[in-house]
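Trainee: Give me a model of this one.
(one chain, ligands or ions: 1)
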Amino acid sequence: MAAICRLHHIALHVRNVDKIAYDLVSKFKFNLFAARLNEKSSQFAFRNGSAVFIVNERLSNPFLGFEDVVARKGHHTSSQGLNEICCPPFRFGDRKNTNTECNFLYDVHPNYSVDTVSNVCFEVEDVEKTFNALRNQGCDFLVPPTTVRDEKGIVSYSILKSIVGNVCHTLIDKTQYQGTFLPGFENVTKNGARVDELAPSEITHFDHITYACPRRGTPDVMGWYEKYFGFQRFFIDRDEDVNEGFVLNENSIGLRLTAMEYWKCSELGVMLPFKGKEPDCKFVIAESLPEQGRNQVDSFLENHKGAGIQHIGLYTQDIISTAHSLAQAGVEFFSPPPAYYTEVGKQQEIVDAGHDPEELSQYGILLDADLHQDSSGPPCGLASAKKNRHLLQIFTKPIFAEDTFFLELIERRGASGFGEGNIRALWRSVQDYMKSQTEKSRDTTLRALQHKLGNTDSEEENCL
Ligand SMILES: O=C(O)C(=O)Cc1ccc(O)cc1
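Mentor: Now for the predicted structure:
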């Protein structure tokens, strides 16, 4: 079994990196802090808190590369040299330095026909040992242990295929590396400063990753992550059935949710530099239930052409402020039905949690109080904090053209699960959006058809 230390980054593969880079930097306030280019591929790394995305793009247009993207974003690259073992040194602007061996470093090319988020990279302590142990257990590896080196040290990695659709996991060991990111990547600087040293943001880390899985697929996914990574069940609701998971199956919501979490290094006795405790990224499996008709999980599976990562929760320390600045920058969020904020129970819940329903409604932020407060908590002052345990969430609209993957902002005030009330409200808002998208595309098709028919008519008239 792999002893996972922490989540290192999550990788996207997109056809047009420009749009995603623009969204991540200008709208979601990520910093483009490192990049790697060669003739066959471009890889860009974006950071917000400890949340790191690597966006991969094949260079379909050889004239559009890193310089163009950077110029558009107002960044400048440093020209510090790199020295990779598996790749000859490559410098920006040196497009003739073709490297046909190396395509996506630390990743595989998923050969996927739609934009996708397909690699969750974990840090482990010993890649070779982990590779041997997992392979002996029957795990399917795509890349054997591989070493990459520059003047700051060595990084080794290996890539395995998960049981979920196109998702794979890069296992990486950085313990012998003193550089800021990964060998092969070059730092991006802004006004002479390294971009990853800029002011801290409200987003601190990845809170959870949600998979959309086919019907009846949950037990296999859970079993796989338990066997190879030692993931453990995380109960979303205290009344949740061990085998059934958390089920919402009424009033047009047909969803089975099951969550898992993993042991962090700190729990294995290894100290990590995150205030002594590593933040924990949960994995959620979403499965659609057939009785309530077609839904957002089904549409993800169809549009994405298979199971995969449906959304990622970004943890923020202040969801109101983050939602405000992201909305100002052009991020579009799903809104719950307006009645959500005026329902007597919900209004009271929001007020009891110390929030203003009006303010939350401005952005469409949902609040869910942890109703199962356990009474065995510490006495006096902390009791009221415990009493008001809640979480706040908001979903963005899909960020890929195919209407698949989206992001979520989440702030937890003592609540560790996924609020049941929120899931219902979120579900409805996504369903409404899907309906409006279907109507829109139906209108467009109809208009196109009418237009065509009109043309045909006039052509016929012309012929007459
Ligand atoms: O609340 C969350 O973040 C979840 O992960 C639950 C969830 C999963 C899938 C959906 O389509 C909607 C909600």
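Trainee: Low-confidence stretches in the stretch 251-400 of the chain?
Mentor: Along the stretch 251-400 of the chain, the model assigns pLDDT under 70 to residues 263-279, 371-387.
Trainee: who's in contact with the residue of it found nearest the ligand?
Mentor: Across the stretch 251-400 of the chain, no residue is closer to the ligand than Ala286, which sits at 3.8 Å (CB to the nearest ligand atom). (C-beta placed from N, C-alpha, C; glycine too.) Each residue near Ala286 by CB atoms under 8 Å, 6 or more residues apart in numbering is listed here: 210-213, 255-257, 297, 310.
Trainee: Inside helices: which ones of those residues?
Mentor: The helices in this structure, assigned by DSSP state H, contain Val297 from the contacts of Ala286.
Trainee: which ones among the contacts of Ala286 come in contact with the ligand?
Mentor: Taking CB under 6 Å from any ligand atom as the test, the ligand is in contact with 210, 257, 297 out of the contacts of Ala286.
Trainee: which of those residues has the most neighbours?
Mentor: Val297 (25 neighbours; other CB atoms under 10 Å).
Trainee: Does the residue most central in space within the chain belong to a helix, a strand or coil?
Mentor: Central residue of the chain (CA atoms, centre = their mean): Ile312, 3.3 Å from the mean position. Using DSSP: H, G, I helix; E, B strand; the rest coil, the three-state assignment for Ile312 comes out as strand.
Trainee: who are the neighbours in contact with the nearest residue to it once chain neighbours are set aside?
Mentor: Nearest residue to Ile312 in three dimensions, chain neighbours excluded: Ile209, at 5.4 Å (CB to CB, 6 or more residues apart in numbering). With contacts defined as CB under 8 Å, 6+ apart, Ile209 is in contact with 10, 120, 281-284, 309, 312-313.
Trainee: Any chance of those in a markdown table with distance to Gln362 as columns?
Mentor: Compiled in a markdown table, those are given as follows (distance: CB to CB, whole Å):
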| residue | distance to Gln362 |
| --- | --- |
| Ile10 | 30 |
| Val120 | 33 |
| Cys281 | 29 |
| Lys282 | 28 |
| Phe283 | 32 |
| Val284 | 27 |
| Ile309 | 29 |
| Ile312 | 24 |
| Gly313 | 21 |
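Trainee: Run through the residues of the stretch 251-400 of the chain sitting next to the ligand.
Mentor: Contact residues, the stretch 251-400 of the chain versus the ligand (CB under 6 Å from any ligand atom): 257, 284, 286, 296-297, 313, 393.
Trainee: Also the stretch 101-250 of the chain?
Mentor: On the criterion CB under 6 Å from any ligand atom, the ligand has as its neighbours in the stretch 101-250 of the chain the residues Thr210.
Trainee: one more time with 8 Å, if that's ok
Mentor: Counting by CB under 8 Å from any ligand atom, the stretch 101-250 of the chain comes close to the ligand at 208, 210, 212.
Trainee: give me the number of residues near the last one?
Mentor: Taking other CB under 10 Å as the criterion, the count of residues near Ala212 is 27.
Trainee: That one contacts Glu302, doesn't it?
Mentor: No - in this structure, Ala212 is not within contact of Glu302 by CB atoms under 8 Å, at 10.2 Å.
Trainee: and the residue of the stretch 351-464 of the chain found nearest the ligand, helix, strand or coil?
Mentor: Per CB to the nearest ligand atom, Phe418 is where the stretch 351-464 of the chain lies closest to the ligand, at 4.0 Å. Here Phe418 takes the coil state, with states given by three-state DSSP.
Trainee: List the contacts of it.
Mentor: For Phe418, the set of contacting residues under the criterion of CB under 8 Å, 6+ apart consists of 208, 236, 246, 257, 259, 284, 391, 393.
Trainee: try it again with 6 Å
Mentor: Each residue near Phe418 by CB atoms under 6 Å, 6 or more residues apart in numbering is listed here: Ile236.
Trainee: And the pLDDT for it?
Mentor: Reported pLDDT at Phe418 in the predicted model: 84.
Trainee: do the same with Glu408
Mentor: We note a pLDDT of 96 for Glu408 in this prediction.
Trainee: Any idea what it is bridged to?
Mentor: Glu408 has these beta-bridge partners by DSSP bridges: Gly313, Phe395.
Trainee: I'd guessed it sits against Lys397; true?
Mentor: No - using CB atoms under 6 Å, Glu408 is not in contact with Lys397, being 11.2 Å away.
Trainee: neighbour-wise, which of those two wins?
Mentor: Glu408 (19 against 15).
Trainee: Strands along the stretch 1-150 of the chain, start to end?
Mentor: Counting by DSSP state E, counting those that start in this stretch, the segments of the stretch 1-150 of the chain that form strands are 4-13, 31-37, 41-48, 51-58, 76-77, 116-124, 141-150.
Trainee: Using TSV, lay out the ones you listed together with mean pLDDT.
Mentor: Written out in TSV, the entries for these read as follows (pLDDT from 0 to 100):
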stretch	mean pLDDT
strand 4-13	94
strand 31-37	92
strand 41-48	92
strand 51-58	92
strand 76-77	34
strand 116-124	96
strand 141-150	95
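Trainee: Figure out which of those is closest to Phe333.
Mentor: strand 41-48 (17.0 Å; CB to CB).
Trainee: between that closest one and strand 4-13, how many degrees?
Mentor: Relative orientation of strand 41-48 versus strand 4-13 (axes from the mean of the first three to the mean of the last three CA atoms, to 10 degrees): 120 degrees.
Trainee: Return the list of strands paired to strand 41-48, each annotated with direction.
Mentor: Paired strands of strand 41-48, with direction, are strand 31-37 (antiparallel), strand 51-58 (antiparallel) (DSSP bridges).
Trainee: Dump those to TSV, plus distance to the ligand.
Mentor: Rendered in TSV, the data for the strands paired with strand 41-48 read as follows (distance: least, CB to the nearest ligand atom, whole Å):
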stretch	distance to the ligand
strand 31-37	25
strand 51-58	15
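Trainee: can you redo these as JSON lines with mean neighbour count?
Mentor: Formatted as JSON lines, the entries for those read as follows, by neighbours: other CB atoms under 10 Å:
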{"stretch": "strand 31-37", "mean neighbour count": "24"}
{"stretch": "strand 51-58", "mean neighbour count": "23"}
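Trainee: Any chance of CSV for these, columns distance to Ile172?
Mentor: Formatted as CSV, the entries for the strands paired with strand 41-48 read as follows, by distance: least, CB to CB, whole Å:
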stretch, distance to Ile172
strand 31-37, 15
strand 51-58, 12
